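Undergrad: Please work out how this folds:
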Amino acid sequence: MLRRISILLSSAIIALCLVGCLGITGSKSVNDVITLLKAKVGEVVIKEHIANKGMSFDLSTEDIIKLKNAGASDELLSYMMGKGSGDFPFELDQDFVVQSPVSHKHLAIYPVFRKTSIDVEEYITLDEAHRAKVVHISELSSASVPTVLIKNTGSKPIYIMAGEIIIGGKQDRMVSFDILIPGGKEIMVEVRCVEHGRWHGQSVEFMSGGAVGSKGVRTALQFKDQQEVWGEVSKKCAEIDISSQSGTYGAILSSEEVEKKSKPFLDAMNQGMKDDGIVGMIMALNGEVICVDIFANPKFFNEVKDKLLKAYVLDAISSEETSTKLAGKQEILNFFNELNDAKTAELKRYDANCNTELESDELIGNESRDKDGKLQHLNLYKK
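TA: Model prediction:
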C-alpha cells in the first residue's frame, strides 16, 4: 500500500514538474523579450529575433501588462499575439505558402513562397536591362501620349511590370500593362502619362525611374482611363502634401519628406524580407489586405522587391493609422479566395505574354502569362 502511495506521489511530482517546465518555456520567451526591451533594443531587431528563433506566444493578461510596463508598443504586442496564433505559415493555395508578417505601425507585409518550382524562360527586369545597356525607350516619331517604343537589343527577354515609371521624353510615363519583350525585338508599348503639365523636352529618350506606382495609380493604369491616372497622381501628391508645377509623380519620388517618413517603414520591412526563396508578398494596412504581388520565381521578385516595397510604404505614409491589428490567416484567405468568383476578360495581349483582368465584388487584378500559359506575375488590389 505504502509502495503504491509512493509511486502515485512520484508520478504527481513528475507531472507537476512537466507542467512547471512547460509554463517556464512559455514565460521564458516573454521574459526574453522583456530583457531585450529593458536593454533598449529596438523593436525591429526584437521582431527579427522572434522570427529567427521561431518563438511563439500565448500571452496572458499578466504577460501583456509586464510587456507594456517594459516599454512594448501596441504594435509589438499585436505582432507577438500573431506569432502565438499558430496561423503561420499556411497554404494560400496548392502553389503558395504565406509566412509570418513583418510589420511597422499600421503596415504589414506577408512574404509568399512557392511550394514547387515553375520552369519559365529566364528574363531580366527593366532596371537590369538599363544597367546592361540593352534597352532603348523612345517617343514615337509622331510623339503620342499613350504609346512609346521599347527595343530590346540584348539576347534575354525583358520583363516590365504595370506601373513601372519611365522618365524623360515629352512627359514622364508609366507602363500600363505587364509586358515581356523578347531579345532583339522592338515593340510599341501602351503607357499612361504621370506628368500632367508638361509636353515638351529636347530629348525623346526615356530611362527607368526605378520606381513603381502606388496602389491607386497602378489600378487606374490598368483598369481606368488617362484622366483617372492624373487624378490618382494628384490625389497622392495631396495626401502627402507635395506640390508639383507639372503634376508629376516624380515629385513624390524625389521628395526628401517622403524619404524621411518612409525610412522607418523600409528599415523594418527589409529586415524581414531577406530570404532568397520569396516569390511575392501580400500588403495589409490597418489589418486589412490591400494588395498582392506574386511572381514566377525568386530571382525576378528579388529584383523588383525594393521598388514594390517603396510603393507599399508610400500607401502607408499617405494613409491614416487607425489600427495596428495584423490581418490573420482567415482575412488573407478570404481575400485571395475571391478569385474563385472572379470574372475574367482579356486586358492586353502582346506577342510574348497576355494580361487577363480578374474582378470580383471585393477585388480587381491582373495576371500575366507567357505564350505557354505559365504565370509570370499576379497582382491583386482591394477595391
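
Undergrad: At which residues are the helices of this structure located?
TA: With DSSP state H as the criterion, the chain has helices at 2-38, 43-53, 61-69, 74-83, 126-131, 215-223, 226-239, 250-253, 256-271, 298-317, 329-336.

Undergrad: So which other helices or strands are in contact with the third one?
TA: Here helix 61-69 is seen to pack against helix 2-38, helix 74-83 when contacts are counted using 3 or more Cβ pairs under 8 Å, 6 or more residues apart in numbering; DSSP states H and E. All C-beta atoms are positioned from the backbone trio N, CA, C, and that covers glycine.

Undergrad: Tell me who's in contact with Ser208.
TA: Going by Cβ atoms under 8 Å, 6 or more residues apart in numbering, Ser208 touches 126-127, 130, 164-167.

Undergrad: can you do 7 Å?
TA: Ser208 is in contact with 126-127, 130, 166, counting by Cβ atoms under 7 Å, 6 or more residues apart in numbering.

Undergrad: circling back: right, and the helices of the chain - which one's nearest Glu91?
TA: Across those, the minimum distance to Glu91, taken as Cβ to Cβ, is reached by helix 329-336, at 9.3 Å.

Undergrad: I figured Met207 was touching Gly168, is that so?
TA: Yes. In this structure Met207 lies within contact range of Gly168 using Cβ atoms under 7 Å: 5.8 Å.

Undergrad: More neighbours: the two, which one.
TA: Neighbours per residue (other Cβ atoms under 10 Å) separate Met207 from Gly168, with Gly168 holding more: 19 against 15.

Undergrad: and that one, how far is that from Thr61?
TA: Gly168 sits 59 Å away from Thr61, going by Cβ to Cβ, to the nearest Å.

Undergrad: Asn302: neighbour count?
TA: Using other Cβ under 10 Å, the number of residues around Asn302 comes to 17.

Undergrad: going forward, begin numbering at 739 instead of 1
TA: I'll keep to 739 as the first residue from here, and by that count the last item is Asn1040.

Undergrad: So for it, what's the pLDDT?
TA: Looking at Asn1040, its pLDDT reads 94.

Undergrad: gap between it and Leu1046?
TA: Relative to Leu1046, Asn1040 is positioned 11 Å away (Cβ to Cβ).

Undergrad: now Ser1000
TA: For Ser1000, the distance to Leu1046 equals 13 Å [Cβ to Cβ].

Undergrad: okay, those two: which has more neighbours?
TA: In this view Ser1000 and Leu1046 are compared by other Cβ under 10 Å, and Leu1046 has more residues nearby, 22 against 18.

Undergrad: surely the more buried one meets Ile1032?
TA: No. Judged on Cβ under 7 Å, Leu1046 makes no contact with Ile1032 at a distance of 11.1 Å.

Undergrad: Now the strand ranked longest in the chain: buried residues?
TA: As assigned by DSSP state E, the longest strand anywhere in the chain is strand 873-882. Of the residues in strand 873-882, 873, 875-877 count as buried by neighbour count, 16 or more other Cβ atoms under 10 Å.

Undergrad: What strands flank it, and is each parallel or antiparallel?
TA: Note on strand 873-882: by DSSP bridges, its sheet partners are strand 885-890 (antiparallel), strand 943-950 (antiparallel).

Undergrad: Show me how far the longest one is from its chain's centre.
TA: Just to be clear, that refers to strand 943-950. Offset of strand 943-950 from its chain centre (Cα atoms, centre = their mean, to the nearest Å): 20 Å.

Undergrad: just the angle between that strand and helix 1036-1055, please?
TA: If you take axes from the mean of the first three to the mean of the last three Cα atoms, to 10 degrees, strand 943-950 sits at 70 degrees to helix 1036-1055.

Undergrad: buried ones in strand 943-950?
TA: Of all the residues in strand 943-950, those buried under the rule 16+ other Cβ under 10 Å are 944, 946-947, 949-950.

Undergrad: what's the closest of those to Ile1016?
TA: Of all those, the one sitting nearest Ile1016 is Val950; the distance, using Cβ to Cβ, is 16.8 Å.

Undergrad: what sits opposite the closest one in the beta ladder?
TA: In beta-bridge terms (that is, DSSP bridges), Val950 pairs with Glu902.

Undergrad: So the chain: which segments form each domain?
TA: 756-824, 862-1120 (automatic domain parsing).

Undergrad: Please state the offset of the first one from the chain centre?
TA: What that stands for is domain 756-824. The chain centre lies 26 Å from the centre of domain 756-824; the measure is Cα atoms, centre = their mean.

Undergrad: How many neighbouring residues does Ser1057 have?
TA: Ser1057 has 15 neighbouring residues, counting by other Cβ under 10 Å.

Undergrad: Got phi/psi on it?
TA: Backbone torsions of Ser1057, given as degrees, to the nearest 10, read phi -120, psi 150.

Undergrad: Name the residues that touch stretch 765-781?
TA: Contact partners of stretch 765-781, identified using Cβ under 7 Å, 6+ apart, comprise 784, 787, 793, 795, 801, 804-805, 808-811, 814.
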